[in-house]
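1. When you get a sec, could you give me coordinates for this:
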Amino acid sequence: MALKRDEGQKPSLEMMEDRLSYNGLNISYGQIVEDCNRDLIWPYCMTTYKNMAKDASIAPALNLMEMSIAKAEWHVRIPEGYEDELRDKAKFLESVMRDMEQPWNDFIRAAATFSRYGFAPHEKVFRFRNRESGSRYNDGLVGIRSLPLIAQDTIASWEYSEDGRVLLGLKQHKNIPMGTSYRDLKSFDQKVFLGRDKFVLFRADPQKDSPVGTSPLNSVYMAWRFKTELEKQESVSIANDLRGFKVLKIPPRYMSESASPEEKKTYEVFQKMLRNIQNGDQSGAIIPNAYDELGKPMFEFDVVSVMGQAAHDLNAILIRLRKDIITGILNPQLILGQEGGGSYALAEALGGVTSTVIDARLKEIRDQLNHDLIPHLFDINGFDTEVLPYLEYVQTDSVTLDELSKFIQRVASVGLIKQDAATANWIAEKAGMPIPFDNKDTPIEEVREQLTGHTSRGGDGMKSAGEGTSESVFGEGDASIGNLENA
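-> As a prediction, the model looks like this:
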């Protein structure tokens, strides 16, 4: 029933905090039935994704995406203005990342599988930090033992509240020991329930707030199906071309219904012989050297070539489908050079598309860790959770050092870079160099003392020939026309 209020009356908190809408997700007995294609309906889609991931066009794109996500560097940051208050908490969070049973990068690589399957749930396994539990520390605080991936193909169902608005958790199939008898299997609890607070969930494009997200493989499913079928036909055609088409000529009476038993048996022998030759079970044929009343051979065996010009260019069709697949998975730079085309400018543009996708995936991981895992960790330790340190990533290969140096030189030449500790730290971080200043509020005088003072002097403008054009780029007479980077 809709809530009513008198005109001019302010709505109460109770009226505003109750949710009335639904996300519209189609759920049936814990199954997500959003897609109209059964092969893409969860959980049946897991088998489809596994088969697609074995494709020679899809596998490199998926692996490149996951490796690029795992390559990012992660750092603990403190909100501005809380450096003194949260410095110890930030060091604690850093120690937790180093104290896990699995390396942090392994966890990120496993989490990156949500870019393949659409989602990746990771169980939160905590422990007290003491020697008995295997921790490196002995301070009695609660740390993270591990963040294991709950394998996507082992999830049996998603459990929701009665009104369908709140995700309560998931049920996972247990590993049933081999050799378990049917009698024991009936009494074996085959599923385990994990509450929503027990796992952190990474998702790609979660339409309708779906727990399984949206796999990028969905958009290329039809192209993959067509390509797979055409490749099968191509292999059959090649095999037929190599083997040729066998032709055996015999008198018509051997194939007629009125043929004698001996003639029918002879016809069956020749049929079997052709099958054996086509299947490679027989290397040759022995046929009677018999002639009819006109002197023509009664039995003739020949191999006819079936090679010819097809109505459609199958190779061109397959190339088009491969391009559609790679582009659909948002790794278009993998196409460059395969057909002799492409340029540096195009490679840079396509690489930017992939970098944007990788950045979006990293943001999903970062946001879930900062929104779910870190508050949970600090809460069970009894820490204040109003303001927390947070995790931030750095894409080490988002730009090359050559591109970075050109950018810095060009904007600095027109005075658009501020010479302070924060800027110097940012440049060093992007270049993978040691951070020069521990405190970003270091006075500008101290910063300038540590900087080299060398500049390209690209902002001095163009000078006439002879005015220092032969000097070093760090010299007093350097002109921008003499510096190719600033030309």
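
2. What ranges does the stretch 301-450 of the chain have for its helices?
-> 314-328, 344-368, 374-380, 401-413, 421-431, 444-450 (DSSP state H, counting those that start in this stretch).

3. least reliable of the ones you listed going by mean pLDDT?
-> Ranked by mean pLDDT, the helices of the stretch 301-450 of the chain bottom out at helix 344-368, which scores a mean of 76.

4. In contact with the residue lying closest to D292 once chain neighbours are set aside: list those residues for me.
-> Distance criterion C-beta to C-beta, 6 or more residues apart in numbering; nearest residue to D292, sequence neighbours excluded, is M298 at 5.5 Å. Every C-beta, even on glycine, is put in place using the N, C-alpha and C of the backbone. Going by C-beta atoms under 8 Å, 6 or more residues apart in numbering, M298 touches I250, P251, P288, A290, Y291, D292.

5. Could you pull up the residues touching L451?
-> Q419, A424.

6. again, only this time at 10 Å
-> Contact partners of L451, counting by C-beta atoms under 10 Å, 6 or more residues apart in numbering, are Q419, A424, P436.

7. again, but for I108
-> E66, I69, A70, K71, A72, W74, L147, L362, I365, L369, Y393.

8. Let me know whether the fifth one touches N105 as I believe.
-> Yes - A72 is in contact with N105 according to C-beta atoms under 10 Å; the separation is 9.2 Å.

9. ranges for the strands of this protein?
-> 27-28, 31-32, 73-77, 119-123, 125-128, 142-146, 155-160, 167-173, 191-195, 199-203, 245-249, 300-304, 390-394 (DSSP state E).

10. And those strands, which one averages the lowest pLDDT?
-> Across these, strand 300-304 gives the lowest mean pLDDT, at a mean of 75.

11. Give the residue farthest from the middle of this protein.
-> E293 (74.0 Å; C-alpha atoms, centre = their mean).

12. So that one versus S260, what's the distance?
-> E293 is 18 Å from S260, where distance means C-beta to C-beta, to the nearest Å.

13. Give me the phi and psi for the residue farthest from the centre of the chain.
-> Backbone torsions for E293, taken as degrees, to the nearest 10, come to phi -70, psi -20.

14. give me the low-pLDDT residue ranges for this structure?
-> Applying pLDDT under 70 to the chain flags residues 1-16, 176-189, 240-243, 304-311, 330-352, 396-400, 452-487.

15. in stretch 124-134, what counts as buried?
-> Neighbour-count burial for stretch 124-134 flags K124, F126, R127, R129 (criterion: 16 or more other C-beta atoms under 10 Å).

16. Residues in contact with it: which ones?
-> For stretch 124-134, contacts defined as C-beta under 10 Å, 6+ apart pick out 92, 95-96, 99-101, 135-148, 194, 197-200, 372-373, 376-377, 380-381.

17. Could you rerun that using 7 Å?
-> With contact meaning C-beta atoms under 7 Å, 6 or more residues apart in numbering, stretch 124-134 is reached by 99, 135, 137-148, 198-200, 373, 376, 380.

18. And the residues you listed, which of them are buried?
-> 99, 135, 137, 141-145, 147-148, 199-200, 373, 376.

19. Distance to L401 for those residues - can I get that in CSV?
-> Output for the buried ones among the contacts of stretch 124-134, formatted as CSV (distance: C-beta to C-beta, whole Å):
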residue, distance to L401
D99, 33
S135, 39
Y137, 37
L141, 40
V142, 41
G143, 36
I144, 34
R145, 38
L147, 33
P148, 36
F199, 39
V200, 34
L373, 33
H376, 38
